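Colleague: Here is a sequence together with a model predicted from it:
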Amino acid sequence: MDVTAWLRGLGLEQYAPAFRDNDVDGEMLPELTADDLISIGVTSVGHRRKLLAAIAALRVEPTRDLAQPAVSATSTPVSPPISEAERRQLTVMFCDLVDSTGLSVRLDPEDLRAVIGGYHRCVAAVIERSGGFVAKYMGDGVLAYFGYPRADEHDAERAVRAGLALVEAVGRLDTAARAPLQARVGIATGLVVVGDLIGEGEARERSVVGETPNLAARLQALAEPGTVVIAPGTQRLTSGLFDYEDLGPIAIRGLAAPVTASRVLRESGAESRFEALRAARTLLVGRDKELALLQRRWQQAKAGKGSIVLLSGEPGIGKSRLAQTLIDHLSAEPHTRLRLFCSPHYQDHALYPTITQLERAAGFRREDTANERLDKLEAVLAQATDDPGEAVPLLAALLSLPTGGRYRPLDLTPQRQKERTLRALVAQVEGLAARQPVLMLFEDAQWSDPTSLELAGLIADRVPVLPVLLIVTFRPEFAPPWTGRQHVISLALNRLAPRQRAELIAGITGGKALPEEIAAEIIDRTDGVPLFVEELTKAVLEAGTQRAAALSATPRTAASVPATLYASLVARLDRLGPVAKDIVQRGAVIGREFGYELLALTTGLATAQLCDALDPLVDSGLVFVRGTPPDAVYTFKHALVRDAAYETLLRSRRQELHARIIEVLEGQFADLVERQPDLLAHHCTEAGLIAKVDGVDDDRHNLDGGDARLRDDRPCGADNHHARPSVRKQV
């Protein structure tokens, strides 16, 4: 086992050096105790509990068959239980080597073997570096998954970037073919069933079933050499991030209707992910006070009294939207704007946010020569100083730019070069601020690399005496090191109230009123997270009137969790590890709220085991807890998180779990079933026990004089959200 990969799968890769320094390898990992974790530096209680739960899973998890494709350290290491398949939204990539038949005619078999081997290694390296999972080699073809065995909130984007990178990398290979190789790529995103082990021995693999892999394969076959062609579903998820050529409707064998495919040309010039993905911006709702505070701080900064605003909030709460609104308000004012974006894919890449900011500011183009890029870098640095000569070689080295004979080679130790580079970057900010006020945004600091945090700290020290407003955005799990200073203010964004959610829905629909029950459903299920409101409303509008009407009655339709949110929600579930994820899925079957006692009876786990699995759920923020076991009641933080957890289960598995809940309710909660027959009817319906449902309906008819209806016929225990307190307390 790759311990670093295992830690990355838990979202705790920052402990990899400590594990390595203490000789903790795959063999020793299952033996670690809480005291061991403390001794190697895991001081966070939440992190220790998360690690201990995952370690416990290793002790009971079946040994992986060595014939099963291994997961690389750069992809996603935490595999689901061997026997469990899942329903998932998956991005599937097919890559093919062009004219392999011609190569087989021209080359000796041994030379062809070397060519194919080099091609396979190149493709696998690019896919794994991009976070994909190489599922199968098929002669000169490669099948890869993005979103399995662990989801990531940017799976579709990562797949497209990988496709562009690998057609370029394959073209640069130096092989026995003595001519440039070419690859072509097809990518599609959609619902599949993935995870079943099929085949024996070396042919054993994790299968994926559904329309998506077939569509990806067809698109690959239609792609021109050296190009990447994607399906409409992938294009919708990455729109704005890339430039595309619309290929128009294409007839695909086996599909009833033509598919509108797109050829990916290049990355777009969008400055930020928010700008790219939210090109059609919705009305900013419920943030008037926060925006006014930022504007006051900007006025103070213009007067020479700089400050730092630490802007925190959960994913989708509107941090980037608020920052963008401030930028829009300042568009007519003279100022300099610096935006640094941290990325979850580059946390090990020192100063990645600064590198990309410099490249954007300089206007680097793919076709630029090294000399042209150096000219552009000099021009950018000259905006902050009349003598950029000292900074140019340092920052050119940071950007991997050769300086030729223009500047003397750097003759510095790595540490000394780092110190001087950071000093040069701080001087750039100071120089820009000397000319006009600076608005600096450091976004998604929870994904920052250590050197970027060090640079931000150095800039933070200088901000009070500069006309600079520094806004740092981050998720709640990040602990900024600059709190407590006089010039630092913390601003946490809260969820929108129901009235504000309704206002946002109206803004998205253009004032067109949705049916009252559908609008109420969106307001209820989105829990005040603006992104959830926006995406679920758009999903309803795109689905049309008929399917929109179905949303209220059956939330777990295909539109239950919008595709744009699915990956980010499932990614949070996957990070829990297999044991805790199984528990959260079981809880989702019970409902938005689930009691410890019912969960314990349905799982059959001992108290200590169940608590070890539940604690990471609470620590992750996915569920809230009231009380202590056995009287504890757990509530999903978001209804859509509950829906996502439920939707990953196969239909047969859902029915099995609902049937188990029925068994426990009838055996242990007879008084509750008598008072709440609709609760039993709901689980009978979902378990497919139609005859039993009819019996419950008859009982309810007798009890309620024939006028009773299900209190809430929504699946997955959404009923618990509306159930009487007695139901929620006991179940």
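Modeller: Okay, I see it. This is a predicted model, so every value here is computed, not measured. Residues are numbered from 1 along each chain as shown.
Colleague: Distance check, residue 588 against residue 581.
Modeller: Between residue 588 and residue 581 the distance is 10 Å, computed by Cβ to Cβ, to the nearest Å. The way it works is simple: take the backbone N, C-alpha and C, and place the C-beta from them, glycine included.
Colleague: actually residue 393, sorry about that
Modeller: Residue 393 is 50 Å from residue 581, by Cβ to Cβ.
Colleague: Please say which of these two ends up with more neighbours.
Modeller: The neighbour count for residue 393 versus residue 581, taken as other Cβ atoms under 10 Å, is higher for residue 581 (26 against 22).
Colleague: so what's residue 635 bridging to?
Modeller: Following DSSP bridges, residue 635 is listed with bridge partners residue 593, residue 624.
Colleague: Could you tell me the end-to-end distance of stretch 341-351?
Modeller: 10 Å (Cα to Cα, to the nearest Å).
Colleague: Which parts of it count as buried, going by neighbours?
Modeller: Across stretch 341-351, burial judged by 16 or more other Cβ atoms under 10 Å covers 341, 342, 343, 345, 346, 347, 350, 351.
Colleague: helix/strand/coil for the third one?
Modeller: The three-state assignment at residue 343 reads coil, by DSSP: H, G, I helix; E, B strand; the rest coil.
Colleague: mind checking pLDDT for it?
Modeller: Here the pLDDT value assigned to residue 343 is 85.
Colleague: Save the buried residues of stretch 341-351 as JSON lines, and put in distance to residue 500 too.
Modeller: Shown next, in JSON lines, are the buried residues of stretch 341-351 (distance: Cβ to Cβ, whole Å):
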{"residue": "341", "distance to residue 500": "28"}
{"residue": "342", "distance to residue 500": "29"}
{"residue": "343", "distance to residue 500": "31"}
{"residue": "345", "distance to residue 500": "33"}
{"residue": "346", "distance to residue 500": "35"}
{"residue": "347", "distance to residue 500": "34"}
{"residue": "350", "distance to residue 500": "41"}
{"residue": "351", "distance to residue 500": "39"}
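Colleague: Go through the residues you listed and name the one nearest residue 657.
Modeller: Residue 657 lies nearest to residue 345 out of the buried residues of stretch 341-351, by Cβ to Cβ, at 35.0 Å.
Colleague: helix/strand/coil for the closest residue to that closest one other than its chain neighbours?
Modeller: With Cβ to Cβ, 6 or more residues apart in numbering as the criterion, residue 345 has its nearest non-adjacent residue at 6.6 Å, and that residue is residue 131. Put simply, residue 131 is coil when judged by three-state DSSP.
Colleague: in which helix or strand would I find the spatially closest residue to residue 496 that is not a sequence neighbour?
Modeller: Setting aside the residues directly before and after it, residue 496 is nearest to residue 528 in space (Cβ to Cβ, 6+ apart), at 4.3 Å. Counting by DSSP states H and E, there is no helix or strand that carries residue 528.
Colleague: So residue 528 sits against residue 499, correct?
Modeller: No - using Cβ atoms under 8 Å, residue 528 is not in contact with residue 499, being 10.6 Å away.
Colleague: So between the two, which is more surrounded?
Modeller: Neighbour totals were compared for residue 528 and residue 499, and residue 528 leads with 18 against 11 (other Cβ under 10 Å).
Colleague: Might you report the residue contacts of that one?
Modeller: Going by Cβ atoms under 8 Å, 6 or more residues apart in numbering, residue 528 touches 494, 495, 496, 497, 498, 500, 501.
Colleague: and these, which are buried?
Modeller: 495, 496, 500, 501.
Colleague: measure the second one to residue 34 for me?
Modeller: As judged by Cβ to Cβ, residue 496 and residue 34 stand 40 Å apart.
Colleague: just the last one next, same as before
Modeller: According to Cβ to Cβ, residue 501 stands 42 Å off from residue 34.
Colleague: quick one on the thing from earlier: just the ones of the buried ones among the contacts of residue 528 in strands?
Modeller: Among the buried ones among the contacts of residue 528, no member falls in strands (DSSP state E).
Colleague: Tabulate those residues (JSON lines), appending pLDDT and distance to residue 135.
Modeller: Conversion of the buried ones among the contacts of residue 528 to JSON lines gives the following (pLDDT from 0 to 100; distance: Cβ to Cβ, whole Å):
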{"residue": "495", "pLDDT": "94", "distance to residue 135": "39"}
{"residue": "496", "pLDDT": "94", "distance to residue 135": "41"}
{"residue": "500", "pLDDT": "94", "distance to residue 135": "44"}
{"residue": "501", "pLDDT": "93", "distance to residue 135": "40"}
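Colleague: So which of the residues you listed belong to helices?
Modeller: 500, 501 (DSSP state H).
Colleague: between the buried ones among the contacts of residue 528, which is closest to residue 642?
Modeller: The closest of these, once distances to residue 642 are taken by Cβ to Cβ, is residue 495, at 16.2 Å.
Colleague: Now the closest one: closest residue in space, sequence neighbours ignored.
Modeller: Going by Cβ to Cβ, 6+ apart, residue 495 has residue 528 as its nearest residue, at 2.8 Å.
Colleague: what does residue 213 give?
Modeller: Per Cβ to Cβ, 6+ apart, closest to residue 213 is residue 92, 4.7 Å.
Colleague: Let me see the backbone angles for that neighbour.
Modeller: Note on residue 92: backbone dihedrals following degrees, to the nearest 10 are phi -110, psi 130.
Colleague: Could you measure from it over to residue 252?
Modeller: 14 Å.
Colleague: Kindly report the same for residue 467.
Modeller: Counting by Cβ to Cβ, the separation of residue 467 from residue 252 is 58 Å.
Colleague: Next: residue 361.
Modeller: With Cβ to Cβ as the criterion, residue 361 and residue 252 are 43 Å apart.
Colleague: Any regions of the stretch 251-400 of the chain where pLDDT drops low?
Modeller: In the predicted model of the stretch 251-400 of the chain, residues 270-281 satisfy pLDDT under 70.
Colleague: Strands of that one, start to end?
Modeller: For the stretch 251-400 of the chain, the strands defined by DSSP state E, counting those that start in this stretch cover 259-267, 307-312, 336-341.
Colleague: so which of the ones you listed is the most packed in?
Modeller: Highest mean neighbour count of these: strand 307-312, a mean of 22 (counted as mean count of other Cβ atoms under 10 Å).
Colleague: just checking, what packs against that strand?
Modeller: helix 288-302, helix 319-329, strand 468-474, strand 488-492 (3 or more Cβ pairs under 8 Å, 6 or more residues apart in numbering; DSSP states H and E).
Colleague: who wins for proximity to residue 509 among those?
Modeller: The nearest among the helices and strands packed on strand 307-312, by Cβ to Cβ, is helix 319-329 at 18.1 Å.
Colleague: State the phi and psi torsions of residue 440.
Modeller: Torsion angles, degrees, to the nearest 10, at residue 440: phi -120, psi 130.
Colleague: How confident is the prediction for it, by pLDDT?
Modeller: On pLDDT, residue 440 comes in at 97.
Colleague: Look up the residues forming beta bridges with it.
Modeller: Residues in beta-bridge contact with residue 440 (DSSP bridges): residue 338, residue 470.
Colleague: close enough to count as contact, it and residue 469?
Modeller: Yes - under the criterion of Cβ under 8 Å, residue 440 makes contact with residue 469 at 7.1 Å.
Colleague: so where's the protein shaky on pLDDT?
Modeller: 1, 35, 45-46, 57, 59-84, 197-206, 270-281, 544-559, 692-731.
Colleague: Skipping adjacent residues, who's closest to residue 251 in space?
Modeller: Among residues not flanking residue 251 along the chain, residue 258 sits closest, at 5.1 Å (Cβ to Cβ, 6+ apart).
Colleague: Give the burial count for the one you found, as a bare number.
Modeller: 11.
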